[in-house]
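Q: Need a 3D model of the following:
(2 chains)
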Protein chains: 2
Amino acid sequence: MKVRVYVSLKDGVLDPQGKAVEHALESLGFKDVGEVRVNRVVELELPTNDADQARAQGEAMARALLANEVIENFSVEVE
Amino acid sequence: MKVRVYVSLKDGVLDPQGKAVEHALESLGFKDVGEVRVNRVVELELPTNDADQARAQGEAMARALLANEVIENFSVEVE
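A: Numbers count the residues shown, from 1 in each chain, chains lettered A, B, ... in the order given. Presented below is the predicted three-dimensional model:
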């Protein structure tokens, strides 16, 4: 079963990558670009056909490795 | 208007970051994890209220900077 873990920085946490993209876009001529945030989506193929089990595993993986809960939020989507 | 640009590696392109996550998950005790792919989602706040214009700008930004079209696919979602 395919699981997607969306990881994004919490509001108020500076996104240096986003800032860099913002400046690069402006230097390429894109005017008035507002805030840019760069997030991650981790796609996992899990050995189960049970959606609840897959979601629980995705959340456990997010807490153990994929997200830094001090500065990041995550959400899990099961396909 | 908020635009999301999803950037993912094309099928068949090796994902070293995904491989690293895969091995790390296994070392943390998660068994039988299948292929892992790590993708990006760039969130942009664009100075327009026209969805078509926002989509076109998102695509232009993806082609100019956000995606490397040799090895990556991208899709644009307008909120």
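Q: Check the gap between A:Leu25 and chain B for me.
A: For A:Leu25, the distance to chain B (C-beta to the nearest C-beta, to the nearest Å) stands at 6 Å. Backbone N, C-alpha and C define where each C-beta goes, glycine included.
Q: Same check on A:Arg4?
A: For A:Arg4, the distance to chain B (C-beta to the nearest C-beta) stands at 9 Å.
Q: Can you check which strand is longest in chain A?
A: Assignment by DSSP state E gives strand A:36-45 as the longest strand of chain A.
Q: Just the C-alpha atoms of that one, please, in PDB.
A: Provided in PDB are the C-alpha atoms of strand A:36-45 (Å, rounded to 0.1, in the frame of the first residue of the first chain):
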ATOM      1  CA  VAL A  36       7.900  30.600  -0.600                       C
ATOM      2  CA  ARG A  37       7.900  27.400   1.500                       C
ATOM      3  CA  VAL A  38       9.600  24.300   0.400                       C
ATOM      4  CA  ASN A  39       8.100  21.100   1.900                       C
ATOM      5  CA  ARG A  40       8.800  17.400   1.600                       C
ATOM      6  CA  VAL A  41       6.600  14.500   0.500                       C
ATOM      7  CA  VAL A  42       8.000  11.100   1.400                       C
ATOM      8  CA  GLU A  43       6.300   8.300  -0.700                       C
ATOM      9  CA  LEU A  44       6.500   4.800   0.900                       C
ATOM     10  CA  GLU A  45       5.400   1.400  -0.300                       C
END
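Q: That's all I had, so thanks and see you.
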